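In: build me a model:
(one chain, ligands or ions: 3)
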Amino acid sequence: MITSGKAEPYALASGKSRTALFSWVNGAYARERRNSQSGEIQVKLKSFWRDLLMIGLPAFLLGAVGAVSAVAQTEPSVSKVEPPSWWANHTINPVRLLVRGRNLVEARVKANRPETVVSEVRVNREGTYLFLSLQISAAAKPGDYPLTVQTAAGRTTIPFRIESSLDVATNFRGVNADDVIYLIMTDRFSDGDPHNNSPGDAPAAANSRQNPRAFHGGDLRGVINHLSYLKELGVTAIWLTPWYDNWNGVNNCDRPWCPNTSYHGYGAIDYYAVEDHFGDLAVLRELVEKAHTLGLKVIQDQVANHISFHHPWVKEPPLADWLHGTVAHHQRERFENSVLLSPHANVESVRNTLDGWFSDDLPDLNQEEPEVARYEIQNALWWVGVTGIDGIRQDTIQYLPRTFIRQLSDALHRQYPKQWMVGEVFERDTAQTAFFIGGHTGWDGVDTKLDSDFDFPLWQVALDVFTNKKPVHALRDQLKYDALYPDPAKVTTLTNNHDTTRFMSLAGATLAGAMLHTAFMLSVRGIPQLYSGEEIAMQGKEDPDNRRDFPGGFPGDTHNAFTASGRTAEEQRMWQWTHDWIKLRGEQSALRDGRLIDLYYDNDAYAFARQDLSETVVVVINRASNEKQIRIPASAIALRDGSQLAPLNGGPSVGRIANGEIIVSVPASTAVAYKGTE
Ligand SMILES: [Ca+2]
Ligand SMILES: [Ca+2]
Ligand SMILES: [Ca+2]
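Out: Ligands and ions are numbered 1, 2, ... in the order given. This next block holds a predicted model:
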């Protein structure tokens, strides 16, 4: 009676709290029964009721409040599902879901619809993350496929969708030497939507064009608005800096780089959301679709190596080994990168390079934990699948285990055979960049299968040559190390990027030098990548000065370099030159795919041929301040006596080939191209 009467309110309680309360009450009742056996039942019962009224009732009432609160705390809840959607007939099946929530210990999960089946449920010790594998039937149609998660304390829903697949004819097309890539720093290109400039949780100081390290308002709509500009320039692919959602706050410190923000995008706080300053998934999909309609490909900047210090995983990692260490205990990256190349490196140095946190504030993910590897591979494929992008630029790729790079490359190619990934191996040593590109096996037995990496060694030499710090033959001297690449045509040749000083701000830079630099980069082997603003000879020293806003992209700009009439004379000259070399590359297949053959090199000049099965193009670069006569060994490129070299870009005409050679007179400080003709 006592138990049933007084326990009634607690019958509403669930799980462990209910059991505990019943045992407490039952314990008291049991003691009374024992006492009753000694003939003292009435006294004890009176004593019980008195105690209950005087002390116990308030305590019971407090307990009731606590128990109700315990109910709320023990019911399972779900706050994030990653990935939120997937596809039927996908090469990854089952897909592995990571569910963030509360009170998930001992959770059971089942699919609400028969086309999906749940297995391999795993919950972390804290009950804050649940992993599950979801098998998707080939017959599953696009739509909602919720799952039910159940614990002893209650149940809740895991939302999940099956997406319709995008058309492979117009999406996922990969990138190759037929393309010219244009790098856009989204925050600094154009503000197409002022409504997203100040998200609710962003302090005013985070969004200020006066601070070169704050958000400036550039966004995906701004890129959409200028797709026609890119088409006019002639580039065929755009690489956008990361669009993952980053932290909206401001870092303050007493160092020169503070206050700063995550406007650059390299510190994800959510791998499955679009930065709210840039737009949302719908705008991103619109951007890719409109780019594709114009014949422009889109490359996503992905960052598998590290996350923001503000990512929820930093305080609550899904697994104990999810990150390399914790905020309190982790290695700081020492950037001894060459140890990655050496078979003689000690394991401590290698582990520091692979596991260390960049500048202490970018926590490093542990891809050797299989759950992390699966998460990141699916994340990469999810973005490809939902947007239709054509390529991926993988940030800081050498700090990822090489076996993981191979896993990721394999997974991309298995699902999207044309898909392309270029890795950032920011090294000036060709042995190191070549070590990471796919197509050959390193001393460690690993072929990364990586489609491309950036040619930073040639980038450095070219900057030095065209700012008069090295003889021109240094270009050829560097290119001979192409012997280290399984296929040098697959490297991505960069003019510059958002991490490097702009050409026009280098010591010794001239407009003529910048023009030679661009001509060389657009005619040498590889896949050329330009950095937004180089086409108008923008200035900018090291980060963040090299990330100035594109003129004309922002409200109130009086200078608009998006139109010919808005450009200065110098800007227009550089723009037209860049445009013309891109056009030439597009017209001449040999400039894209042809074999590179050295013809002549000295302190001032470099002549080379690009030759494929259908044509031969000769490029001659003369850095000297006077005209130069260059002797071309025509027989070496199978041009017969009597045939000609026809100028392709306004260079002076030359005579007919005789005795297996021809003399080309190249005006001062220019680059000319000729095509071999009968
Ligand atoms: Ca904006
Ligand atoms: Ca954000
Ligand atoms: Ca790492």
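
In: need the residue closest to the centroid of the chain.
Out: Centroid check for the chain by Cα atoms, centre = their mean gives residue 302 as the closest residue, at 1.2 Å.

In: and that one, how far is that from residue 391?
Out: According to Cβ to Cβ, to the nearest Å, residue 302 and residue 391 sit 10 Å apart. No exception for glycine: its C-beta is placed from N, CA and C like everyone else's.

In: cool, residue 462 as well?
Out: From residue 462 over to residue 391 the distance is 23 Å, taken as Cβ to Cβ.

In: near ligand 3, which residues of this structure?
Out: For the chain, the contact set with ligand 3 under Cβ under 5 Å from the ion comprises 305, 364, 399.

In: one more time with 8 Å
Out: 305-306, 324, 353-356, 364-367, 396, 399-401 (Cβ under 8 Å from the ion).

In: ok, those vs ligand 2, which is closest?
Out: Lowest distance from ligand 2 to the residues of the chain next to ligand 3 (Cβ to the ion) belongs to residue 306, with 16.8 Å.

In: and the pLDDT for the closest one?
Out: Predicted confidence (pLDDT) for residue 306: 98.

In: count of neighbours near it?
Out: By the measure other Cβ atoms under 10 Å, the count of residues near residue 306 is 25.

In: what of residue 443?
Out: 10.

In: not counting sequence-adjacent ones, nearest residue to residue 216?
Out: residue 209 (4.9 Å; Cβ to Cβ, 6 or more residues apart in numbering).

In: now do the SS call for the one you found.
Out: coil (DSSP: H, G, I helix; E, B strand; the rest coil).

In: again, but for residue 555
Out: Applying three-state DSSP: residue 555 is coil.

In: repeat for the one 10 residues further on
Out: When states are read from three-state DSSP, the local structure at residue 565 comes out as helix.

In: and it, how close does it get to residue 629?
Out: 40 Å.

In: go on, residue 188?
Out: Counting by Cβ to Cβ - residue 188 and residue 629 are separated by 45 Å.

In: of these two, who's got more company?
Out: residue 188 (28 against 10).

In: pLDDT score assigned to that one?
Out: Residue 188 is assigned a pLDDT of 98 by the prediction.

In: run through the residues that contact residue 139.
Out: 88, 115 (Cβ atoms under 8 Å, 6 or more residues apart in numbering).

In: counting neighbours, what do you get for the nearest residue to residue 114 once chain neighbours are set aside?
Out: Nearest in space to residue 114, with sequence neighbours left out and distances taken as Cβ to Cβ, 6+ apart, is residue 137 at 7.7 Å. Per other Cβ under 10 Å, the neighbour tally for residue 137 reads 15.

In: before we move on, the earlier item: distance of the residue nearest to the centre of the chain relative to residue 394?
Out: For residue 302, the distance to residue 394 - Cβ to Cβ - is 5 Å.

In: right, and residue 610 touches residue 590 too?
Out: Yes - using Cβ atoms under 8 Å, residue 610 is in contact with residue 590, at 4.3 Å.

In: between these two, what contacts are shared?
Out: 616, 617.

In: domains in this structure, by residue range?
Out: Split into domains by automatic domain parsing, the chain comes to 2-74, 77-162, 181-562, 592-677.

In: pick out the residue of the stretch 1-150 of the chain closest to ligand 1.
Out: With Cβ to the ion, the shortest gap between the stretch 1-150 of the chain and ligand 1 falls at residue 84, namely 24.9 Å.

In: burial measure for that residue, as a count.
Out: Using other Cβ under 10 Å, residue 84 has 16 neighbouring residues.

In: ok, now which ones touch it?
Out: Per Cβ under 8 Å, 6+ apart, neighbours of residue 84: 159, 160, 161, 272.

In: tell me where the stretch 301-450 of the chain has strands.
Out: Secondary structure of the stretch 301-450 of the chain, counting by DSSP state E, counting those that start in this stretch: strands at 391-394, 420-423.

In: please convert those to JSON lines, extending it with mean pLDDT, mean neighbour count and distance to ligand 2.
Out: Shown next, in JSON lines, are these (pLDDT from 0 to 100; neighbours: other Cβ atoms under 10 Å; distance: least, Cβ to the ion, whole Å):
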{"stretch": "strand 391-394", "mean pLDDT": "98", "mean neighbour count": "26", "distance to ligand 2": "20"}
{"stretch": "strand 420-423", "mean pLDDT": "98", "mean neighbour count": "27", "distance to ligand 2": "25"}
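
In: make JSON lines from these and add distance to residue 637 to it.
Out: Shown next, in JSON lines, are those (distance: least, Cβ to Cβ, whole Å):
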{"stretch": "strand 391-394", "distance to residue 637": "32"}
{"stretch": "strand 420-423", "distance to residue 637": "30"}
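
In: re the thing from before, for the residue nearest to the centre of the chain, which residues are in contact?
Out: With Cβ under 8 Å, 6+ apart, residue 302 has these contacts: 242, 380, 383, 392, 393, 394, 395.

In: measure it to residue 380 for me?
Out: Taking Cβ to Cβ, one finds residue 302 at 6 Å from residue 380.

In: which residues are in contact with each of these two?
Out: Both residue 302 and residue 380 are contacted by residue 392, under the criterion Cβ under 8 Å, 6+ apart.

In: the helices in the stretch 551-678 of the chain, which residues?
Out: With helices called from DSSP state H, counting those that start in this stretch, the stretch 551-678 of the chain shows them at 569-587, 589-593.

In: closest to residue 121 out of these?
Out: Smallest distance to residue 121 across those (Cβ to Cβ): 50.4 Å, for helix 589-593.
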